[in-house]
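1. what would the 3D arrangement of this be:
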Amino acid sequence: MKMMLAVSLTMFAVAIVLLALAILLRRRSGLPWGRVSADDMGPGRSLQRPLYAARLGLTGKPDYLLERHGTLIPVEVKPGRRATRPYDSDLMQLAAYCLLVEETSGRPPPYGLLRYAEMSFRLDYTPAVRERLLDILAEMRDLLDAADAARSHTDPRRCAGCGFRGICDDSLVEPR
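-> The predicted structure is shown next:
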């Protein structure tokens, strides 16, 4: 009887330690509590297919979709970024995920979350953000249809990671 009590108390103590560790890790993640309904991170990925909005010709896979109060919240994780302010391109990527959630679920998320290595940022998904994103998408479509498009930056690192680097006459780095 004493042995069973000792094993039970040990298991209870281990459970408490594991719960405390889980709470600590969740707080360090910078993300709110919510059920993860889909994820595109790590080996156990559950978001098999990307979100797709045929009407907009837009597709994408957020790193996570959190379900909070019956609403899906897209989360984009950039673990290598250590900026104190979010990059505009990351915010627009997150806005695109918000738009995809809206188009595929019929309900716009109130916000999306962007997680850098040490900070989290919230992007309120407002009509103004939506309109800005739609304007950017229209501009991108126009550039894809154009015979020639000028480089929009002066950063060689961006050219180095570009998928068009091998055919771009305006690249700041040598072709691969």
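2. from residue 122, how far off is the one residue sitting closest to the centre of the chain?
-> Closest residue to the average C-alpha location of the chain: residue 76 at 1.5 Å, with CA atoms, centre = their mean. Relative to residue 122, residue 76 is positioned 12 Å away (CB to CB, to the nearest Å). The way it works is simple: take the backbone N, C-alpha and C, and place the C-beta from them, glycine included.
3. anything in contact with each of the two?
-> Common contacts of residue 76 and residue 122, defined by CB atoms under 8 Å, 6 or more residues apart in numbering, comprise 112, 113, 114.
4. what's the spacing between the strand or helix carrying the second one and its chain's center?
-> With elements delineated by DSSP states H and E, residue 113 resides in strand 111-116, which encompasses its position. Taking CA atoms, centre = their mean, to the nearest Å, one finds the center of strand 111-116 at 7 Å from the center of the full chain.
5. does anything pack onto it? Which helices or strands?
-> strand 71-78, helix 88-105, strand 120-124 (3 or more CB pairs under 8 Å, 6 or more residues apart in numbering; DSSP states H and E).
6. switch those over to JSON lines; also include mean pLDDT and distance to residue 133.
-> Formatted as JSON lines, those follow (pLDDT from 0 to 100; distance: least, CB to CB, whole Å):
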{"stretch": "strand 71-78", "mean pLDDT": "92", "distance to residue 133": "13"}
{"stretch": "helix 88-105", "mean pLDDT": "96", "distance to residue 133": "4"}
{"stretch": "strand 120-124", "mean pLDDT": "94", "distance to residue 133": "10"}
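7. out of these, which is the most enclosed?
-> Greatest average neighbour count among the helices and strands packed on strand 111-116 goes to strand 71-78 (a mean of 22), per mean count of other CB atoms under 10 Å.
8. looking only at pLDDT, what's the mean for the host helix or strand of residue 157?
-> Applying DSSP H and E as the criterion places residue 157 in helix 156-160. Averaged across helix 156-160, pLDDT comes to 86.
9. what residues sit buried inside it?
-> By neighbour count with 16 or more other CB atoms under 10 Å, helix 156-160 contains the buried residues 158, 159.
10. hmm, who's touching that helix?
-> Contacts with helix 156-160, where a contact means CB under 8 Å, 6+ apart, come from 151, 165, 168, 171, 172, 173.
11. now tabulate the residues you listed in TSV and tack on distance to residue 81, pLDDT and neighbour count.
-> Formatted as TSV, the contacts of helix 156-160 follow (distance: CB to CB, whole Å; pLDDT from 0 to 100; neighbours: other CB atoms under 10 Å):
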residue	distance to residue 81	pLDDT	neighbour count
151	23	78	14
165	22	78	16
168	25	81	15
171	24	83	17
172	22	87	16
173	21	85	14
